[in-house]
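>>> coords please:
(2 chains)
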Amino acid sequence: MNNFVELNLGKAGLEFVQNSLNDWKGLAKDAASLPIQTGTAMALVPKGTSMERALQFSKCNIKVSHYEPNWFEDRFHRLMKEHQKCSFIVQDMASISTDDWVKKSDSPMFFHNKSIYYYLNRKDFRADKIVDLLYAYPGSHHVFGFFLKCGITDAIQKQDVPSETYKGILDNIVEIYVSAYDREGHVIWTR
Amino acid sequence: MVGFFDLVTPTSPDFSADNDNALTSISSLYSIPDGTNPIASNMTPGGGAFTLGQWGNMFQVRADTAQNQEWQSDDGNVEQLNNTQTAQMLPPSTIFTKPPVEVVKPPVELFKPQTSTVEPPLEPPLPNYPTDPTKPPAPGWEWRGGEGSQPGDTRGAWKSPNQGESLHPDTEHGPPEGPHHDYNPPTGSTKYPNRNGYRWYPNGRMEPKSILPEDYV
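Numbers count the residues shown, from 1 in each chain, chains lettered A, B, ... in the order given. I've put the predicted structure just below:
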């Protein structure tokens, strides 16, 4: 952690989160209706990174967050103290539930309107699993992660969740992780 | 490594040690350290077997007594100086019949056949680099993108439904990377182990994006 700092990205960061969410479908699109502008947006960046550079969200080689997998774990554990129940889900922006490979996969996931959401419950909040989820699963250029103040039951594994459940997920979003820096890092919005 | 003559100083020009009485002969001819003090200023107690310096392959002083002494040189090499009372010289002391003028060292494999440590270039996921991002890179690939996304734009990717891999056109990417496609391999791919994906350049080069820590690859 010594080489990285959490940089508050201010209004420009909030705009980036809002626009990114608006551009997509599924939970990302629906989360755009949350009060994004009243939250905060930050990124984990190397010490000495200028604000100007940190706001170049599509530019790669900023060498960011995944070099600090323990930072994610620490952050999640801090949130766990605030919320008795919590979980983390990541939306797959490219696959749909009817894709052949999905049938073969045994990753924890659920579906809504054909969109795929991978999930981790608090018992699995380990650095390797978090980073794995944020970087490895979604076969797309864009990644959206959602930290929820509610748990997810394994009963929904590979199930299409009903609208009420989906709405519950939306209401319980505490943080949103938006891929940035050419998918080498994230901008994190906190409600 | 401390050389032999740094350790043992000849006291006589006459070298006459024989096999059976090597210790006596050597003792009488050389001032051999008693094993209780460092034999060279750059040695400190350590562990391991003692090999006498640069001629270590030619002879060794060996002993199995509790009085063995070990010294470690500053450069980390561990050398053990044995109690001279039980030492044996190997090979035969005929080595010492005259001060060595020319020593033929045992062959050392300095020029082993070189095997390249450079990994061969990673093979692209498809035979041809996609020159038109608005068209599927291969039969069966489908465009998956954001709200209102059109094939080839920056908000989507070509997806192979069978494998779960995807190709995202990043044709406007500025220097130093320049135009490329982002290739996201299927989960668990052994051919493309960097799960953070690769950049596939028009010249066919595949380059891993920032590599995840080893534990997570």
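>>> Tell me where the model's unsure across chain A.
Low-confidence segments of chain A (pLDDT under 70): A:1-2, A:63-67, A:136-140.
>>> so where do the helices sit in chain A?
A:10-22, A:26-31, A:51-54, A:69-82, A:100-104, A:127-131, A:163-171 (DSSP state H).
>>> where in chain B is pLDDT low?
The model of chain B has pLDDT under 70 over residues B:1-119, B:195, B:210-217.
>>> interface residues of it facing chain A?
B:144, B:146-147, B:155-157, B:159, B:161-166, B:168, B:170, B:173-174, B:177, B:182, B:184-187, B:195-197, B:209-210, B:212-213, B:215-216 (CB under 8 Å from any CB of the partner chain). For glycine as for every other residue, the C-beta is placed from the backbone atoms N, C-alpha and C.
>>> Of the residues you listed, grab the buried ones for PyMOL.
Selection of buried members from those for PyMOL, criterion 16 or more other CB atoms under 10 Å in any protein chain shown:
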select buried, chain B and resi 144+146+155+156+157+159+161+163+164+165+166+168+170+173+177+182+184+185+186+187+195+196+197+209+210+212+216
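>>> In strands only, show me the residues of chain B next to chain A.
Counting by DSSP state E, those place B:144, B:156, B:157, B:159, B:166, B:168, B:170, B:182, B:184 in strands.
>>> burial count for residue B:202?
Residue B:202 has 13 neighbours, counted by other CB atoms under 10 Å in any protein chain shown.
>>> Just to check, it is in contact with residue B:129?
Yes. Between residue B:202 and residue B:129 a contact is recorded at 5.4 Å, counting by CB atoms under 8 Å.
>>> end-to-end on stretch B:153-163?
The stretch stretch B:153-163 measures 22 Å between its terminal residues, going by CA to CA, to the nearest Å.
>>> now swap in stretch B:124-133 and tell me
16 Å.
>>> Mind listing residues that contact it?
Stretch B:124-133 is contacted from outside by B:137-138, B:151-152, B:158, B:165, B:167, B:169, B:171, B:181, B:183, B:185, B:192, B:200-202, B:204, B:206, using CB atoms under 8 Å, 6 or more residues apart in numbering or on different chains.
>>> Buried residues, it. List them.
Within stretch B:124-133, the residues scored as buried using 16+ other CB under 10 Å are B:124, B:125, B:126, B:130, B:133.
>>> repeat for stretch A:182-191
A:182, A:183, A:184, A:185, A:186, A:187, A:188, A:189.
>>> Would you agree the third one is in contact with residue A:57?
Just to be clear, that refers to residue A:184. No. Counting by CB under 8 Å, residue A:184 sits too far from residue A:57 to count as a contact (10.8 Å).
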